[in-house]
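In: A structural model of the following input is requested.
(4 chains)
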Protein chains: 4
Amino acid sequence: MSVLINLAIFPSDKGESVSPYVARVVKIIKESGLTYKFGPMSTCIEGEWDEVMVVVSRCFKELKKDCDRIYISMNVDYRKGPSGRIESKVKSVQNRL
Amino acid sequence: MSVLINLAIFPSDKGESVSPYVARVVKIIKESGLTYKFGPMSTCIEGEWDEVMVVVSRCFKELKKDCDRIYISMNVDYRKGPSGRIESKVKSVQNRL
Amino acid sequence: MSVLINLAIFPSDKGESVSPYVARVVKIIKESGLTYKFGPMSTCIEGEWDEVMVVVSRCFKELKKDCDRIYISMNVDYRKGPSGRIESKVKSVQNRL
Amino acid sequence: MSVLINLAIFPSDKGESVSPYVARVVKIIKESGLTYKFGPMSTCIEGEWDEVMVVVSRCFKELKKDCDRIYISMNVDYRKGPSGRIESKVKSVQNRL
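Out: Model (predicted):
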């Protein structure tokens, strides 16, 4: 019964280069113990709704410490059934290509 | 210190017409007491991070009761400072037009 | 056969305040003649796919003149059938509340 | 001067399982010759604005053939400077972890 989320979060008051901030966020996701895939524009995380939302809140509050403007773009895909979709969704499409 | 969020949430396993599901979500947002603006593609909500996230969770769990696949697209805009931005952001742009 | 889009576009290299940039974008949308609703976090536009995409491109190229980093978050909702959904979708939900 | 886009596109009138539709979209992206990374919730594509938008339009028009409702969630990240960011952004963050 897990969800997949695609999370992009960054400050928009720190100029062009924001990788130090993104690194702090990815560190939090990594330390959460949830399955994740880090990509060029977002990080995909799989877990129960409540545990994923705790991680998102932690990321936001980390940046809020020293950022005065923050933007988040987040998508959620919930499908009833077994977890492991972070792998199985990709395979299911690749098998059809 | 409030955030603005733009929330779109809908089932994708119920066919073309989903307004009954969207109505259940908007009812939850309305009853939360937070300031909101309902639009054609999303609902904008203003509040403290934690209280807004409680409402988003409530919306998700409401649809999960009878939907087997749910999609959420959500954006968050945080800016340090006074709340009331759901009105002031729009005015600030309109003054420049 | 029209689409609805929800468009947010802003520079992320210009510091905390970006309303002058958002105003330039909204001006382009307004002058396109398409039906639109300007909201606190995004602008909803209705039109044929190709004509809407021309407007989005125009907005991007306007900001690219003097912005070195730009972020866009855009959602599209296509439904076969008559246009006018920018109004009818909202009514359809409100009738159920 | 290229952009990165994160593209999710799917029909919402075809029930729970949509991987055949996603496969048709990924095939179009693959055949475009642009650099891309296919992920669990979206595909990241790098290219010039105009060439990327042509691919997005092609994906939409492919699904429109037999889908009566389609949802797109798309983010764009533009940064002035050299291309190759689909790789360099990831490395830049990983170096800081």
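In: all contacts plus neighbour counts: C-alpha atoms, from now on.
Out: OK.
In: what does chain A put close to chain B?
Out: Neighbours of chain B within chain A, by Cα under 8 Å from any Cα of the partner chain: A:68-80.
In: what's the pLDDT at the residue lying closest to residue A:71 once chain neighbours are set aside?
Out: Once flanking residues are discounted, residue A:71 sits nearest to residue B:77: 4.9 Å by Cα to Cα, 6 or more residues apart in numbering or on different chains. With respect to pLDDT, residue B:77 scores 97.
In: In the sheet, which strands lie alongside the host helix or strand of residue B:77, parallel or antiparallel?
Out: For residue B:77, the host element (DSSP states H and E) is strand B:69-79. Neighbouring strands of strand B:69-79 in its sheet, by DSSP bridges, are strand A:69-79 (antiparallel), strand B:3-11 (antiparallel).
In: Dump the longest one to CSV, restricted to CA.
Out: Coordinates of each C-alpha in strand A:69-79 appear next as CSV, following Å, rounded to 0.1, in the frame of the first residue of the first chain:
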residue,chain,number,x,y,z
ARG,A,69,12.1,31.5,-0.1
ILE,A,70,11.6,27.8,-1.0
TYR,A,71,9.8,26.1,-3.9
ILE,A,72,8.6,22.5,-3.9
SER,A,73,7.2,20.5,-6.8
MET,A,74,5.9,17.1,-5.7
ASN,A,75,3.9,14.4,-7.4
VAL,A,76,2.5,11.3,-5.7
ASP,A,77,1.4,8.1,-7.4
TYR,A,78,-0.6,5.7,-5.2
ARG,A,79,-1.6,2.3,-6.3
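In: What is the subsequent helix or strand relative to it?
Out: Following strand A:69-79 in sequence, per DSSP H and E, is helix A:85-94.
In: orientation of that following helix relative to strand A:69-79 in degrees?
Out: Using axes from the mean of the first three to the mean of the last three Cα atoms, to 10 degrees, the inter-axis angle of helix A:85-94 relative to strand A:69-79 is 70 degrees.
In: re the thing from before, now, of the strands paired with strand B:69-79, which is deepest in the fold?
Out: strand B:3-11 (a mean of 24; mean count of other Cα atoms under 10 Å in any protein chain shown).
In: Show me which residues of the helix ranked longest in chain A are buried.
Out: In terms of residue count, the longest helix belonging to chain A (DSSP state H) is helix A:49-64. By neighbour count on 16 or more other Cα atoms under 10 Å in any protein chain shown, the buried set for helix A:49-64 is A:49, A:52-53, A:55-56, A:58-60, A:63-64.
In: Relative to chain B, how far out is residue A:96?
Out: 21 Å (Cα to the nearest Cα, to the nearest Å).
In: hmm, back to that, how about a markdown table for the buried residues of helix A:49-64, with pLDDT added?
Out: Shown next, in a markdown table, are these (pLDDT from 0 to 100):
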| residue | pLDDT |
| --- | --- |
| A:49 | 97 |
| A:52 | 98 |
| A:53 | 98 |
| A:55 | 98 |
| A:56 | 98 |
| A:58 | 98 |
| A:59 | 98 |
| A:60 | 98 |
| A:63 | 98 |
| A:64 | 98 |
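In: Now residue A:44: closest residue in space, sequence neighbours ignored.
Out: In space, residue A:44 is closest to residue A:6, 4.4 Å off (Cα to Cα, 6+ apart).
In: Kindly report the same for residue A:87.
Out: Nearest to residue A:87 is residue D:40, by Cα to Cα, 6+ apart, at 7.1 Å.
In: That neighbour: which element?
Out: With DSSP H and E as the test, residue D:40 turns up in no helix or strand.
In: Hmm, residue A:86 and it touching each other?
Out: Yes. Counting by Cα atoms under 8 Å, residue D:40 does reach residue A:86; the two are 5.5 Å apart.
In: Overlap of the contact sets of the two?
Out: Each of residue A:44 lies in contact with both residue D:40 and residue A:86 under the rule Cα atoms under 8 Å, 6 or more residues apart in numbering or on different chains.
In: related to what we said a few turns ago, chain center to the longest helix of chain A, what's the gap?
Out: Centroid separation between helix A:49-64 and its chain, computed with Cα atoms, centre = their mean, to the nearest Å, is 9 Å.
In: ok, residue A:79 to residue A:86 distance?
Out: Here residue A:79 is placed at a distance of 12 Å from residue A:86 (Cα to Cα, to the nearest Å).
In: before we move on, what about residue A:80?
Out: Taking Cα to Cα, one finds residue A:80 at 14 Å from residue A:86.
In: which of the two has more neighbours?
Out: residue A:86 (21 against 14; other Cα atoms under 10 Å in any protein chain shown).
In: Please name the residues that touch the more buried one.
Out: A:4, A:35-36, A:44-46, D:40.
In: that older thread, the residue nearest to residue A:71 touches residue A:68, doesn't it?
Out: No. Using Cα under 8 Å, residue B:77 is not in contact with residue A:68, being 10.6 Å away.
In: helices and strands of chain A: which one has the lowest mean pLDDT?
Out: When the helices and strands of chain A are compared on mean pLDDT, DSSP states H and E, helix A:85-94 comes out lowest with a mean of 93.
In: Using CSV, list the CA coordinates for it.
Out: C-alpha atoms of helix A:85-94 as CSV (Å, rounded to 0.1, in the frame of the first residue of the first chain):
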residue,chain,number,x,y,z
ARG,A,85,6.9,-0.2,-7.5
ILE,A,86,10.0,2.0,-7.7
GLU,A,87,11.5,-1.0,-9.6
SER,A,88,8.5,-2.7,-11.1
LYS,A,89,7.0,0.3,-12.8
VAL,A,90,10.2,0.9,-14.8
LYS,A,91,10.5,-2.8,-15.7
SER,A,92,6.8,-3.0,-16.8
VAL,A,93,7.4,-0.2,-19.3
GLN,A,94,10.8,-1.5,-20.5
